[in-house]
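Chemist: When you get a sec, could you give me coordinates for this:
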Amino acid sequence: QAQFVESGGGLVQPGGSLTLSCETSGFVFSGYSMIWYRQAPGKERELVAIISNGIEVSDYADSVKGRFNISRDNDKNMVILQMTNLKPEDSGVYYCNGGTWVHRRPAFDSWGQGTQVTVSS
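Modeler: Got it, this is the predicted structure:
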C-alpha cells in the first residue's frame, strides 16, 4: 500500500519561506508523477504543484507560480516543495500523492497525515 509522510510545515510570517518534504513507500516512485495538494479549512483539496517522472517537468497552480518550486529525489523516494514569499492564503494542510501528468488526479486512495502550514503575522 502506498504511504506518504509529509513534514516541514509550521507557522511563518507573510513573506517567509518553508520547505516541505514527503517521504513515500509502497509503490514504484519513479513510475509516477508526484503532486502536492493543499486543503484550507472549509475548502476542497487543490493541486498546488506537480512534477512528472522521466524528464521531470513541473507545473504549478497559478496562485503559486514564481514562488513555489517542486523537486523529486528518485533515490530517496521523496518529493520536496520549496515555498517562498508565503502569503496568508497559502495556509492549509499540505499533502502529497502520486498521479499522472495528464489527469493530475491522485493515483492512490491512501493519504498521509499532511503537514500544516500557517502564514500569519
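Chemist: Bridged to the residue nearest the centre of the chain, which residues?
Modeler: Nearest to the geometric centre of the chain sits residue 36, at 2.2 Å (Cα atoms, centre = their mean). Following DSSP bridges, residue 36 is listed with bridge partners residue 49, residue 96.
Chemist: May I ask which helix or strand encompasses the closest residue in space to residue 34 that isn't next to it in sequence?
Modeler: Excluding the flanking residues, the one nearest residue 34 by Cβ to Cβ, 6 or more residues apart in numbering is residue 79, at 4.2 Å. C-beta coordinates here come from the backbone N, C-alpha and C atoms, glycine included. For residue 79, the element it lies in under DSSP states H and E is strand 78-83.
Chemist: by contact count, what packs against that strand?
Modeler: Contacts defined by 3 or more Cβ pairs under 8 Å, 6 or more residues apart in numbering; DSSP states H and E place strand 78-83 against strand 18-25, strand 33-39, strand 46-51, strand 68-73, strand 92-99.
Chemist: Pull the residues that contact the last one.
Modeler: In this case it means strand 92-99. For strand 92-99, the surrounding residues in contact (Cβ atoms under 8 Å, 6 or more residues apart in numbering) are 2, 4, 6, 9, 20, 22, 24, 27, 29, 32-41, 43, 45, 48, 50, 79, 81, 105-108, 111-112, 114-117.
Chemist: List only buried entries from the residues you listed.
Modeler: 2, 4, 6, 9, 20, 22, 24, 27, 29, 32-38, 45, 48, 50, 79, 81, 106-108, 111-112, 114-115, 117 (16 or more other Cβ atoms under 10 Å).
Chemist: contacting residues for the nearest residue in space to residue 70 that is not next to it in sequence?
Modeler: Leaving aside its chain neighbours, residue 70 sits nearest to residue 49 (4.0 Å; criterion: Cβ to Cβ, 6+ apart). With contacts defined as Cβ under 8 Å, 6+ apart, residue 49 is in contact with 35-36, 58-61, 64, 68-70, 81.
Chemist: what's around residue 97, how many residues?
Modeler: 25 (other Cβ atoms under 10 Å).
Chemist: Roughly how far does residue 104 sit from residue 58?
Modeler: Between residue 104 and residue 58 the computed distance is 12 Å (Cβ to Cβ, to the nearest Å).
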